[in-house]
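Asker: Here is the input, now give the coordinates:
(2 chains)
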Amino acid sequence: MMPISWKRSRGKLVQWSMDHRWVVLGLVLLVTLAAGSRLPRLRTDTDPKSMLPASAPVRQFNDQVDRWFGLHPDVILVGISSERGVFARDTLARILALSDAITKLPGVIARDVVALPTVNDVSVSDDGVLQTQPILERVPGDDRAARQLEHRVLDNALLVNRLLSKDGKTTAIYVPIEPGANGKVIADRIRVLTATNPGPERYFIAGDPVARDTMGTEMFRQRQVFAPLAALIMCVILYLLFRSGRAVAINLAVAVIAIVWSMGLFSALDVPIHILASMAPIFLIAIATDTVHIYNEFSFRRREASDRREAIRQTMAAVGTPIFLSDLTAIAGFASLAIGPIVPVRVFGLLVAFGTAVVLLMSFTFVPALLAAGRDRPVEAQVPARAASSPWLARLGRACVTWRKTVAVAGMAVMAVSVVGLFRIRMNNNLLAFFKSDSDIRVADRHLTRSLGGTAPLYLVADGGAPDAATRPEFLRGLEALQRHLDKEPVVGKTVSLADVVKRVHRVVSGDDRAQEVVPDSQDAVAQYLLLFSMSARPRDLDSLVDARYQRANLTVQLRSWDAVETRALLDRTSAYLAAHPLPGVELRPAGMAYFNMVWSDQVLVGMREGFIASCILVLVLLVAGYRSLRWGLVSFVPLFFTVLVGYGAIGFLGKDFDMPVAVLSTLSIGLAVDFAFHFVSRFQQRFRETGDLEEAVIWTVARPGRGIVRNALLFSSGFAVMLFAGLTPYITVGVSMIVIMLLSALATLIFLPALVTLFHLQPDRAAGSASLGHLGGTP
Amino acid sequence: MSRTFTFLIAALATLVVRSAATSAQTPSAEDIMRRSNLARYYPGGDMRARVVMRLLSPGGERVREMIMSRVNVGSTGDQRYFIYFNRPPDVRDMVLLVWKYPNRDNDRWLFIPTLKAVRRIAASDKHTSFVGSDFTYEDVSGREPDDDRHQLIREDSAAGRASYVVESIPRDPGSAEFSRTLSWVDKATWLVVREEYYDARKDLARVFTAEELKQVEGIWTATRRRMKNVQSGHETEVTFSEIQYDRKLSPDLFGERSLRSPPAELVR
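Answerer: Numbers count the residues shown, from 1 in each chain, chains lettered A, B, ... in the order given. Next up is the predicted model:
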């Protein structure tokens, strides 16, 4: 980095922008309008699957498994519960009507809807005739017939806990939807259907597509409410601080320009905005408040300087370097996220990096031009006692200097404790956890998980290696034993496999003898049973369990939890079981949404974490290079390091999952914590060069520019506090984390830097490199 | 009763209309569908063929081979089907026997060799898949023309054959798995060369095509047929070979006793 030449160029740029202020303002307006016109065409993509590229092995294999078994990745679950039991005849009539109406909804894959009225059952009547009809073809003629039907269903291992709860009070309709269909829209239509024919039943609508699309809709909706609301509150506070509409306007304008330009650019490039990147505007609003430093300094300088343009020049000379360096570091930090393999993380990183670059450009062109374009007013009246340093902060600075050793040791201790918390962090992803506990979808999911076998599908695909391998009795017995093992797992709610079908048919053709619900001894028998089953069921009922060549079987597991860590633990224990009880010649591979969720969690979260660590290292390197001093680089890095460690340590101790919102927000701490450190160090160095008194300079820095830092932190915190009232937990997480990051990094800057500087007698060199940072800056 | 009667009339009408068809007069939609029903499901007094069924799904392929025999019983439209499974070897000797009655539920029996046992199957649902294929039982053995309302939509050509295009809508919507069909009936052979099935949402669900028509012993026969489920991407291709008509098979051969030890004429 070449600070001197950068500095000159910046000075020239500021001068030019003031000279041609109308050109600058006009150009910015034009580009903003052009970019804004692109915004309506911005593509959005709320599918979490898109977080991994289509070429990711887990997506490829999941698609392959869907083809082998005719499965659908997106299935809505409609639960119907009645305290009287669902086999009351009027309830059955409503189930029939609802199931029929659902198959007619657009976007629903009608042929594969699984419900009591659509699933064919194989049973045997008293006179030995095989019965093959839908379980609920029509409403039974009397209550006795209805009870008999209930007993028949409860006696069928394929159906219990899948289509009917053990207590007979809950049934379910599994509604697969077309790829690209909106799960929330279909769920809403189903809700309308359930309301048209009310009875004593309660309806519960759950499933991954509903969660995903409700989430997507809500996220974009809430962003539209809360980002502007946060901006508004920050504007109000800015106004209260400066009593100046211009301060507010500058800040707001820069934020809007950065958002519109970056979003417009990505729209022009036709890059879709994922859930992750939808948070970018919030980041840019935060980063744009950097211009507070400019106005803060300007409002002060204006009172001393002879003319307005001279005041702007002086202001930019004083705050230019920290703004330039902190923005540049933030750009590098965010851009480095683009190195990782996860596409939406890259998009997010580049989007925020570009927006920050716009903020940086505006700081040296648009802001000076706007300030220069303004007319002079009596500034004193607007900014009373702006120069006064805070006596509170001065006392804090003095205390930190006096007790520097204690401060350093305490800081070390806090960090050491945090490291313990760091190891407790649970990387987890659970889409449902994004909703509040009392939200419709969480209530529905809890109910269906309790009464039926859970809502998260996991597939274990057993590959026998050759056609017809799956009909071998030993293969099926292996599956059966594995199922018995899985059924003991608390997280497993229900398992279904080809073995269940074969056992069911064997029992039915053996005179409905319960003792005959076993896998037969000959492979021919299995093949003949499957042919019999295919004559009586819908193709789907068999296809979903075995592939066309009878080579692979699909052991379907319904999980009671969407937690990625639960899936991981289950798969680990299953591997251990298989090591002890191998299935010779059989390869077992997981698939399905629950598995995808787990891989997603591993890859995206680990990817974010690694990207973040890389960003931190990069920032450290930039700090050292920027100051041309290892010591100053390290010291400036302390607030960021402390914030990150304590923040994550707290997450570990509180038992909150390291999920996507947390992962995203951690990157924001780079931008903010470094910003504070830069301002502190450069202002301290300026002061020291003028007074030569280390302690005085430190305490002055805490009291005077420290006030700006505290103000900035409070401004942010209050702005983002509105998010605590959002309906989705990621927004609450954003709000809380923002406040914590702001306050922690402000405190770390104002407490540790004075202590460290005095503890190690860090005197700025008189050497050219360091001097260049503050040389041109005047002192207030 | 009335349906049986209609069938008789239809059968007679066919003979009468056959001569009339040579004239330029366009037959009514009902006539077209009745004649087509006869040409498709009733030709000859009896028939047998080697049937190779390929089930093609996006995930792979499964092949079954069977010997299918059919005999017409009396003049009421009753038929008996004897379907003997030949391949794959593990299902060899399985037999499905269907007694079809145009106006009531069919009777079905299945012989399961591994159990050496015959099981009767109550078949109230004609819309279930025929042995896991994309054809339903109804597609295999026919649907009563009078169950639907027919309308001649236009004349068109399908697979190079001049055809009538008839739209059929079930009189009782609950009686069919489709909301309507469009049938391309070849003017020359009265065989359906293309049929489109629409689901309850009026979306195209399945397409039937007769891909190869051959004259066997003077009777036009669709020797290669395909049913494609356009929604699932699943399809079934059926090839008929070694077709023989009018071997004067006795309906008595198509009885429960033949299931355990099938007579030679029904398995070769």
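Asker: which residues in chain B form helices?
Answerer: Remark: helices assigned in chain B by DSSP state H are B:2-20, B:29-41, B:137-141, B:256-260, B:264-267.
Asker: Report the buried residues of the fourth one.
Answerer: It stands for helix B:256-260. Burial within helix B:256-260, assessed by neighbour count using 16 or more other CB atoms under 10 Å in any protein chain shown, is assigned to B:258, B:259. Using the backbone N, CA and C atoms, a C-beta is placed for each residue, glycine as well.
Asker: could you give me the average pLDDT of it?
Answerer: For helix B:256-260, mean pLDDT is 89.
Asker: and what of the last one?
Answerer: For helix B:264-267, the mean pLDDT works out to 86.
Asker: Other residues contacting it?
Answerer: Taking CB atoms under 8 Å, 6 or more residues apart in numbering or on different chains as the criterion, the residues outside helix B:264-267 that touch it are B:48, B:67, B:69, B:82, B:84, B:86, B:247, B:249, B:253, B:254, B:258.
Asker: Stretch A:574-589 spans what distance, first to last residue?
Answerer: End-to-end distance for stretch A:574-589: 11 Å, by CA to CA, to the nearest Å.
Asker: from the chain's centre, how far out does that stretch sit?
Answerer: On the basis of CA atoms, centre = their mean, to the nearest Å, stretch A:574-589 is displaced by 34 Å from the centre of the chain it belongs to.
Asker: ok, now stretch A:144-155?
Answerer: Averaged C-alpha coordinates place stretch A:144-155 at 46 Å from its chain's average position (CA atoms, centre = their mean).
Asker: One more: stretch A:308-320?
Answerer: Using CA atoms, centre = their mean, we find the averaged C-alpha position of stretch A:308-320 to lie 41 Å away from the chain's own average C-alpha position.
Asker: where does whatever residue of the stretch 601-750 of chain A ends up closest to chain B fall, helix, sheet strand or coil?
Answerer: For the stretch 601-750 of chain A, the residue positioned closest to chain B under CB to the nearest CB is residue A:603, at a distance of 26.4 Å. Here residue A:603 takes the helix state, with states given by DSSP: H, G, I helix; E, B strand; the rest coil.
Asker: these two touch, right, it and residue A:342?
Answerer: Yes. The criterion here is CB atoms under 8 Å, and residue A:603 meets it with residue A:342 at 6.7 Å.
Asker: Which neighbours do these two have in common?
Answerer: Counting by CB under 8 Å, 6+ apart, the contacts common to residue A:603 and residue A:342 are residue A:52.
Asker: give me the number of residues near the residue of the stretch 601-750 of chain A closest to chain B?
Answerer: Counted by other CB atoms under 10 Å in any protein chain shown, the residues lying close to residue A:603 total 17.
Asker: For the stretch 101-250 of chain B, which segments are assigned as strands?
Answerer: Defined through DSSP state E, counting those that start in this stretch, the strands belonging to the stretch 101-250 of chain B, from first to last, are B:104-112, B:117-122, B:148-158, B:161-170, B:180-186, B:192-198, B:204-216, B:219-229, B:235-245.
Asker: CSV please, covering the ones you listed and showing mean neighbour count.
Answerer: Rendered in CSV, the data for the strands of the stretch 101-250 of chain B read as follows (neighbours: other CB atoms under 10 Å in any protein chain shown):
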stretch, mean neighbour count
strand B:104-112, 18
strand B:117-122, 18
strand B:148-158, 15
strand B:161-170, 19
strand B:180-186, 23
strand B:192-198, 21
strand B:204-216, 18
strand B:219-229, 19
strand B:235-245, 18
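Asker: give me every residue that touches the residue nearest the centre of chain A.
Answerer: Chain A has residue A:660 as the residue nearest its centroid, 3.1 Å off, counting by CA atoms, centre = their mean. With contacts defined as CB under 8 Å, 6+ apart, the neighbours of residue A:660 are A:275, A:276, A:429, A:604, A:605, A:608, A:730.
Asker: Give the next helix or strand downstream of the helix or strand containing residue A:485.
Answerer: Following DSSP states H and E, the helix or strand that holds residue A:485 is helix A:473-487. The helix or strand immediately downstream of helix A:473-487 is strand A:492-496, counting by DSSP H and E.
Asker: right, and the helix or strand after that following strand?
Answerer: With secondary structure assigned by DSSP H and E, strand A:492-496 is succeeded by helix A:498-509.
Asker: by contact count, what packs against that following helix?
Answerer: When contacts are defined as 3 or more CB pairs under 8 Å, 6 or more residues apart in numbering or on different chains; DSSP states H and E, helix A:498-509 sits against strand A:120-124, helix A:473-487, helix A:523-536.
Asker: other SSEs contacting the helix holding residue A:485?
Answerer: Judged by 3+ CB pairs under 8 Å, 6+ apart, the packing partners of helix A:473-487 are strand A:456-463, strand A:492-496, helix A:498-509, helix A:523-536, strand A:552-559, helix A:564-580.
Asker: So which bits of the last one are buried?
Answerer: The one in question is helix A:564-580. Buried residues in helix A:564-580, defined by neighbour count with 16+ other CB under 10 Å: A:564, A:565, A:566, A:567, A:568, A:570, A:571, A:574, A:578.
Asker: Nearest to chain A, out of the strands of the stretch 101-250 of chain B?
Answerer: Ranking those by distance to chain A, with CB to the nearest CB as the measure, places strand B:117-122 first at 4.6 Å.
Asker: If you count contacts, what does that closest one end up packed against?
Answerer: Secondary-structure packing of strand B:117-122 (3+ CB pairs under 8 Å, 6+ apart): strand A:130-134, helix A:523-536, strand B:104-112, helix B:256-260.
Asker: How far away from the center of its chain is that strand?
Answerer: Computed by CA atoms, centre = their mean, the separation of strand B:117-122 from the middle of its chain amounts to 22 Å.
Asker: do the same with stretch A:60-67
Answerer: With CA atoms, centre = their mean as the basis, the distance from the averaged C-alpha position of stretch A:60-67 to the chain average is 25 Å.
Asker: Dump stretch A:452-460 to CSV, keeping only the CA atoms.
Answerer: Only the C-alpha atoms of stretch A:452-460 are listed here, as CSV (Å, rounded to 0.1, in the frame of the first residue of the first chain):
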residue,chain,number,x,y,z
LEU,A,452,-47.2,-39.2,13.7
GLY,A,453,-43.7,-40.2,12.8
GLY,A,454,-42.1,-36.8,12.3
THR,A,455,-41.8,-34.5,9.3
ALA,A,456,-38.2,-34.7,8.2
PRO,A,457,-37.6,-37.3,5.5
LEU,A,458,-34.3,-39.3,5.4
TYR,A,459,-33.7,-42.0,2.9
LEU,A,460,-31.2,-44.8,3.3
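Asker: pLDDT on that stretch, on average?
Answerer: Mean predicted lDDT for stretch A:452-460 stands at 91.
Asker: Return the set of buried residues in it.
Answerer: A:452, A:453, A:454, A:455, A:456, A:457, A:458, A:459, A:460.
Asker: Backbone torsions only: list them for the closest residue to chain A within the stretch 101-250 of chain B.
Answerer: Checking the stretch 101-250 of chain B residue by residue against chain A with CB to the nearest CB singles out residue B:132 as nearest, at 3.3 Å. Backbone torsions for residue B:132, taken as degrees, to the nearest 10, come to phi 80, psi 10.
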